[in-house]
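Trainee: sequence and computational prediction follow.
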Amino acid sequence: MTTATGDILIVDDTPANLRVLGAMLRAEGYRVRPAPSGPLALQAARAATPDLVLLDIMMPEMDGFETCEQLQAIPQMKGVPILFLSALSDPANKVKAFQAGGVDYITKPFQVEEVEARVRLHLEMSRLRRAERRLLDDTLKGAIEVLTDVLSLMAPEVFKRSRAARKLCRQVAEDMQHPDPWQVEAAALLSNLGLVGVSPGVVVRLGQGVALTPDEQEELRGAPRVAQRILQRVPRLDSVAAIVGRQDGDHRAASNTRERVPLGAGILQLALHLEARVARGEAPHLALGALEATGRYDPVLVDFFAQRVPTIRDEILEVSPQELKVGMYLLADVRLDSGALLVTGERELDPVLLERISNFAHKNRVQGPVRVRVQVVVER
């Protein structure tokens, strides 16, 4: 009675080989899916990710080397072991198989014991790698959560901006095909970790969005490097640390390089500067335009941000007194039916003013409609 488990994709254009290998592996308890060609193997892998692939080299239309490369280009196939099958014992073919991404090479004609042993070995190694990756992922996730908890307690207002920049960083990184968008996203969350070395008063003023003195600005200048040194001590965060440490550099050519750090740092820098202006009350698209006008940012980066930043336009509406909401801007006085002035115009409605109007509006004692200006997000 066997206990072997696993989904194995066998790719071979010879029906007899598919039958022999399939019967051999099914007898061991494996689920087997045969594919008589490279294109069909790609379809099968996209439909359901196998645990292991046995791949013949000599096939018409698409040989094993090309099939292997295309299989590995499928995101969910990352880490799936591919074992080559071939009657060719030429060392050059074996080298080419490993260069294409294969992890092992089985020579035809098959020896049952050898095939079973190699399949069992690579499935177990793959299982151990996945378990290790899950452990590392959980450790990394826990470390990031601890660090973000520290930030949220130490500088809550600043951390709000980092959290707001996180989503934008991820979106732009994906749009620009950054190889690891999660690194840019994590860098946004942890970008202000260096504030642990800054005076509490400066941190508070930074969170309030008030202008800092030259001495305070100088104190802040070293914060990214402090954050970088902290993050370098966390396993698997080296690239995130590098992005955070270079967030204040000159990235005007960031989009023209394939190096992930300058691109990630350029995205992070623009996102943080944008969120800082938005936190002061600027409309996102206007804030982006103001940053672009400084000439400090890569125009290509700015264009990608413009595709993600919502455009807000002012719209004039006439609404009933009951439809008024906080944030609407009154363009005229609000009066009672008697003509008495209730609230003067040319001001933004806050909760206190709205409550004053509501106290009369629910009794239908307020003149309407009321002319207001509201900000509307333009859908892209």
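Mentor: Happy to help now that I have it.

Trainee: quick check: I10 touching L18?
Mentor: Yes - with contact defined as CB atoms under 8 Å, I10 reaches L18; the gap is 5.9 Å. No exception for glycine: its C-beta is placed from N, CA and C like everyone else's.

Trainee: show me which of those two is the more surrounded one.
Mentor: I10 (25 against 19; other CB atoms under 10 Å).

Trainee: phi, psi for the closest residue to the more buried one other than its chain neighbours please.
Mentor: Ranked by CB to CB, 6 or more residues apart in numbering and with sequence neighbours excluded, the top spatial neighbour of I10 is L54, at 4.7 Å. Main-chain torsions, L54, degrees, to the nearest 10: phi -100, psi 120.

Trainee: can you list residues touching both of I10 and L18?
Mentor: P34 (CB atoms under 8 Å, 6 or more residues apart in numbering).

Trainee: wait, is V372 part of a strand?
Mentor: Yes - counting by DSSP: H, G, I helix; E, B strand; the rest coil, V372 falls inside a strand.

Trainee: burial count for S37?
Mentor: 17.

Trainee: which residues touch it?
Mentor: Counting by CB under 8 Å, 6+ apart, S37 has contacts 11, 13, 59-62.

Trainee: do that again at 10 Å, thanks
Mentor: 11-13, 43, 56, 59-62, 67 (CB atoms under 10 Å, 6 or more residues apart in numbering).

Trainee: just the buried members of those?
Mentor: 11-13, 56, 59, 62, 67 (16 or more other CB atoms under 10 Å).

Trainee: surely Q269 touches E275?
Mentor: No - with contact defined as CB atoms under 10 Å, Q269 does not reach E275; the gap is 11.2 Å.

Trainee: can you pull out the low-pLDDT segments for the stretch 151-300 of the chain?
Mentor: 254-259 (pLDDT under 70).

Trainee: still on that earlier bit, between the buried ones among the contacts of S37, which sits nearest V146?
Mentor: T67 (44.0 Å; CB to CB).

Trainee: the residue most distant from the middle of the chain, which is it?
Mentor: Distance from the centre of the chain peaks at S338, with 57.8 Å (CA atoms, centre = their mean).

Trainee: ok so that one is a helix residue?
Mentor: No - under three-state DSSP, S338 sits outside any helix and is assigned coil.

Trainee: of all the buried ones among the contacts of S37, which two lie farthest apart?
Mentor: D12 and M62 (12.7 Å).

Trainee: now do the shared contacts for the two.
Mentor: 37, 41.

Trainee: ok so, going back, what sits against the residue farthest from the centre of the chain?
Mentor: Applying CB under 10 Å, 6+ apart, the residues near S338 are 365, 367.

Trainee: quick one, phi/psi of it?
Mentor: Here S338 shows phi and psi, under degrees, to the nearest 10, equal to phi -70, psi -10.

Trainee: and V32, by the same measure?
Mentor: phi -120, psi 130.

Trainee: tell me, how many residues neighbour the nearest residue to it once chain neighbours are set aside?
Mentor: Leaving aside its chain neighbours, V32 sits nearest to G22 (4.6 Å; criterion: CB to CB, 6+ apart). Using other CB under 10 Å, the number of residues around G22 comes to 18.

Trainee: hmm, G22 is touching R33, no?
Mentor: Yes - contact criterion CB under 10 Å: G22 and R33 qualify, at 8.8 Å.

Trainee: between these two, which contacts overlap?
Mentor: What both G22 and R33 touch, as defined by CB under 10 Å, 6+ apart, is the set 8, 10.

Trainee: report the buried residues of stretch 297-311.
Mentor: 297-298, 301-302, 304-305, 308-309.

Trainee: let me see the ranges of the strands in the stretch 201-350 of the chain.
Mentor: 311-319, 329-330, 334-335, 341-343, 347-348 (DSSP state E, counting those that start in this stretch).

Trainee: how many residues are close by T14?
Mentor: 14.

Trainee: list the contacts for it?
Mentor: 20, 36, 56, 58-59, 85, 108.

Trainee: of those residues, closest to P235?
Mentor: Once CB to CB is applied, the member of the contacts of T14 that ends up nearest P235 is L85, at 37.4 Å.

Trainee: for the closest residue to that closest one other than its chain neighbours, give its distance to R296.
Mentor: Nearest in space to L85, with sequence neighbours left out and distances taken as CB to CB, 6+ apart, is D56 at 4.8 Å. D56 is 56 Å from R296, where distance means CB to CB, to the nearest Å.

Trainee: show me how far stretch 303-314 is from its chain's centre.
Mentor: 19 Å (CA atoms, centre = their mean, to the nearest Å).

Trainee: any idea of the mean pLDDT for that stretch?
Mentor: The pLDDT scores in stretch 303-314 average 81.

Trainee: would you mind writing the CA trace of it as PDB?
Mentor: Taking Å, rounded to 0.1, in the frame of the first residue of the first chain, the C-alpha atoms of stretch 303-314 are listed here in PDB:
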ATOM      1  CA  ASP A 303       2.900  60.100 -16.000                       C
ATOM      2  CA  PHE A 304       2.400  56.800 -14.300                       C
ATOM      3  CA  PHE A 305       1.200  58.500 -11.100                       C
ATOM      4  CA  ALA A 306      -1.200  60.700 -13.100                       C
ATOM      5  CA  GLN A 307      -2.900  57.500 -14.300                       C
ATOM      6  CA  ARG A 308      -3.600  56.500 -10.700                       C
ATOM      7  CA  VAL A 309      -4.200  59.800  -9.000                       C
ATOM      8  CA  PRO A 310      -7.900  60.800  -9.100                       C
ATOM      9  CA  THR A 311      -8.800  64.100 -10.800                       C
ATOM     10  CA  ILE A 312     -11.100  66.200  -8.600                       C
ATOM     11  CA  ARG A 313     -13.200  68.900 -10.200                       C
ATOM     12  CA  ASP A 314     -15.500  71.500  -8.700                       C
END
